[in-house]
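> sequence first, predicted model second:
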Amino acid sequence: MKNIPISALIGLFFTALYFLMAIFAPLISPYGMAEVVGDVWEPASSQFLLGTDNIGRDLLSRMIYGGRTTIFIATAATILSFTLGSVLGFFAAVAGGWVDQMLSRFVDLVMSIPTLIFALVVLSVMPVTVPVLIIVMGLLDATRVYRLARAVAVDIEVMDYVEAARLRGEKTAWIIFREILPNALSPLVAEMGLRFIFMVLFVSTLSFLGLGIQPPEADWGGIVKENKDGIVYGIPAALAPAFAIATLAISVNLVADWVLNRTTSLKGGRG
């Protein structure tokens with residue numbers, strides 16, 4: 001712990017806190033997610049620590065369950081985007097030729113359409129469920145990961161140890177997972193933190209626009225939408241999820257920066 005900077009400790013604390021709250025939401029939530037327990041927009045009290053929302057549900061309980069939904073979707077979509085994007089990016093760099101050109105031009109085509117508009121069009125004609133949200137978000141974001149993975153792999157692919165692996169007769173899968181991946185971890189880890197936060201903001205934006213998590217299910221963007229009218233009357237219910245999103249974003253970035261510094265030595269290759 002002595003070698004961990006204060007900023008990383010703060011990031012680890014809040015990141016772990018949010019993830020633990022998400023995992024144990026049913027155990028620590030004072031009330032049910034959709035249970036109406038009071039009047040509309042009651043102020044914070046010993047009974048309702050954050051007050052109530054626009055229809056009298058406990059805001060703290062909604063926040064805990066909303067965090068569970070938001071973090072689960074963002075994590076799953078990030079894993080999907082990195083698995084698909086990095087593997088395809090590495091494969092394009094190793095294969096080269098027409099395979100690289102075909103994949104890269106297809107990714108350029110998808111990236112030429114604004115991500116939010118693309119997602120809104122797709123979700124407007126599909127049932128909005130959690131699996132659909134994860135797949136749509138993961139596939140759209142995989143294009144960004146593909147670009148980074150391919151750029152990193154192109155530099156690594158010309159290294160002597162990769163050439164030695166080819167001369168030994170190693171297959172493409174070996175070169176990708178045993179030679180390129182370990183030496184590409186540093187930029188990928190840093191990017192993963194940023195993409196996770198983008199996913200949190202993405203799903204929150206979709207919910208705020210009405211094409212994300214559907215009521216009575218909760219997520220942070222949806223809670224902001226439900227309580228935004230209260231801001232006019234000085235009711236801070238919509239600020240709680242906004243604060244949660246901001247602190248999670250800062251915390252994950254602090255952790256990602258620390259991990260990047262720890263893994264920088266991987267950039268130089270294995271030798």
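Received it, and whenever you're ready, just let me know what you need. Residues are numbered from 1 along each chain as shown.
> helix or strand: which one has the residue positioned nearest the centre of the chain?
Nearest to the geometric centre of the chain sits residue 196, at 2.2 Å (Cα atoms, centre = their mean). With secondary structure defined by DSSP states H and E, residue 196 is part of helix 181-208.
> helices or strands next to the strand or helix carrying residue 92 in the packing?
When elements are assigned from DSSP H and E, residue 92 belongs to helix 59-95. With contacts taken as 3 or more Cβ pairs under 8 Å, 6 or more residues apart in numbering; DSSP states H and E, helix 59-95 sits against helix 6-23, helix 25-28, helix 97-111, helix 130-156, helix 172-174, helix 181-208, helix 220-227, helix 239-263. (Each C-beta comes from the backbone N, C-alpha and C, glycine too.)
> now with 7 Å?
Using 3 or more Cβ pairs under 7 Å, 6 or more residues apart in numbering; DSSP states H and E as the contact test, the elements touching helix 59-95 are helix 6-23, helix 25-28, helix 97-111, helix 130-156, helix 181-208, helix 220-227, helix 239-263.
> identify each buried residue in the last one, please.
I take that to be helix 239-263. Residues of helix 239-263 classed as buried by neighbour count (16 or more other Cβ atoms under 10 Å): 240-242, 244-245, 247-260.
> buried residues of the helix holding residue 92, list them for me.
For helix 59-95, by 16+ other Cβ under 10 Å, it's 59-78, 80-82, 84-94.
> still on that earlier bit, average model confidence for the helix holding residue 196?
Per-region confidence: helix 181-208 scores 88 on mean pLDDT.
> what does the pLDDT read for residue 24?
Value listed for residue 24 in the pLDDT field: 94.
> any idea how many residues pack against it?
12 (other Cβ atoms under 10 Å).
> ok, now which ones touch it?
By Cβ atoms under 7 Å, 6 or more residues apart in numbering, residue 24 lies in contact with nothing.
> and for residue 187?
148, 152.
> residue 153 versus that one, what's the distance?
Here residue 187 is placed at a distance of 11 Å from residue 153 (Cβ to Cβ, to the nearest Å).
> for residue 70, same thing?
Taking Cβ to Cβ, one finds residue 70 at 32 Å from residue 153.
> over to residue 163?
14 Å.
> which one's more surrounded, those two?
When neighbours are counted by other Cβ under 10 Å, residue 163 and residue 153 differ, and residue 153 comes out ahead with 24 against 13.
> how about that one: what's its closest non-neighbour residue?
Nearest residue to residue 153 in three dimensions, chain neighbours excluded: residue 93, at 3.5 Å (Cβ to Cβ, 6 or more residues apart in numbering).
> looks like the one you found contacts residue 152 (just checking).
No - under the criterion of Cβ atoms under 7 Å, residue 93 is not in contact with residue 152, lying 8.2 Å apart.
> number of residues surrounding residue 167?
Neighbours of residue 167 (other Cβ under 10 Å): 8.
> swap in residue 19?
Neighbour tally, residue 19, other Cβ under 10 Å: 16.
> likewise residue 194?
15.
> ok, the closest residue in space to residue 260 that isn't next to it in sequence to residue 121 distance?
Excluding the flanking residues, the one nearest residue 260 by Cβ to Cβ, 6+ apart is residue 190, at 4.2 Å. Using Cβ to Cβ, residue 190 is found at 31 Å from residue 121.
> okay, these two: which has more neighbours?
Neighbours were counted for residue 190 and for residue 121 using other Cβ under 10 Å; residue 190 has more, 19 against 12.
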